[in-house]
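Peer 1: After the sequence you'll find the predicted model.
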Amino acid sequence: MDAILKRKKILKGVCKFCSKLHNSLLCSKKSKFQNKILIDNTVSDTNTEDSTISSNNATVPASQAVLLPTAIVNVKDINGALQKCRILIDSASQGSFVRESCVNLLQLKRTSVNINVDGLSSRKVGRVAGLVQLEITSLFYKNTSITVDALILPKITCDLPQFQVDASALNTFKHLKLADVNCLQPGPIDILLGADVFGEIMLNRHLNVPGQSLTAMESIFGWLFLEKQNFLAKELFQIMQVTMQ
């Protein structure tokens, strides 16, 4: 597995706009492109019609919601010490994000980026507080780590999960190394890892149980869980949507 990770790391740092070795968010040519980033704790959306950054915290009705995978990881602080953080993994997000309070705890150096964040009806929410590089290490595989460039936001999402999940479903997987032993209990999210590092995180194995909607997926952080839940139309959930130019 270490060989696979090393091979993937060779590809990191290549700008998706000009193919040079720097972060895509700092590229002078990125204004020619439009990319949509979604932070979505329940559903995915692939519209790309906006070209400015907006953060839409909205409560909307849904017939289905998805339990997205979470994990507990170690993140290096400014002194090289490891701090435990809870991460959300969402391949529907085209970028990675970190909560500002987490950055303050880690005391990591920030890089300035000129990005505005707007809310519903173009209501000004604020500006991204910078870009930071995170070194994230697995609790189970001590020599396995990834480096992530993450945008800093005051808040990524609400406590997850937002809906009740039958805990007995985990009994089938109790022999596995769980990435987040409290994945069914609502809790804050410190870091969101998106599609930019998804390929480095996920391994090849996944497990399904006949008659259950819960799926276990192996990652470098341990086993993650994904589940689709059905709701009545009157039930609500919250989504946060971010669009970036």
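Peer 2: Cool, the structure landed. Numbering: from 1, shown residues only.
Peer 1: Worst mean pLDDT across the helices and strands of this protein, which element?
Peer 2: Within the chain, no helix or strand scores below strand 35-39, which has a mean of 39 by mean pLDDT, DSSP states H and E.
Peer 1: Quick one: residues in contact with stretch 105-112.
Peer 2: With contact meaning CB atoms under 8 Å, 6 or more residues apart in numbering, stretch 105-112 is reached by 26, 75-79, 83, 103, 129-134, 152. All C-beta atoms are positioned from the backbone trio N, CA, C, and that covers glycine.
Peer 1: Counting neighbours, show which residues of it come out buried.
Peer 2: Residues 106, 108 are the ones in stretch 105-112 that count as buried (16 or more other CB atoms under 10 Å).
Peer 1: That stretch: end-to-end distance?
Peer 2: 18 Å (CA to CA, to the nearest Å).
Peer 1: going forward can the numbers begin at 42, since that is how I track them
Peer 2: In the new count, where the first residue is 42, that last one comes out as stretch 146-153.
Peer 1: could you give the mean pLDDT of that stretch?
Peer 2: Stretch 146-153 shows a mean pLDDT of 96 in the predicted model.
Peer 1: and what of stretch 184-195?
Peer 2: On average, stretch 184-195 scores 93.
Peer 1: Identify each buried residue in it, please.
Peer 2: For stretch 184-195, the neighbour count (16+ other CB under 10 Å) marks 185-187, 189-194 as buried.
Peer 1: Also stretch 123-132?
Peer 2: Within stretch 123-132, the residues scored as buried using 16+ other CB under 10 Å are 126-132.
Peer 1: ok, back up a step: just put the buried residues of stretch 184-195 in CSV and tack on distance to Thr111 and secondary structure.
Peer 2: Formatted as CSV, the buried residues of stretch 184-195 follow (distance: CB to CB, whole Å; DSSP: H, G, I helix; E, B strand; the rest coil):
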residue, distance to Thr111, secondary structure
Thr185, 18, coil
Ser186, 18, strand
Ile187, 16, strand
Val189, 16, strand
Asp190, 21, strand
Ala191, 16, strand
Leu192, 19, strand
Ile193, 20, strand
Leu194, 17, strand
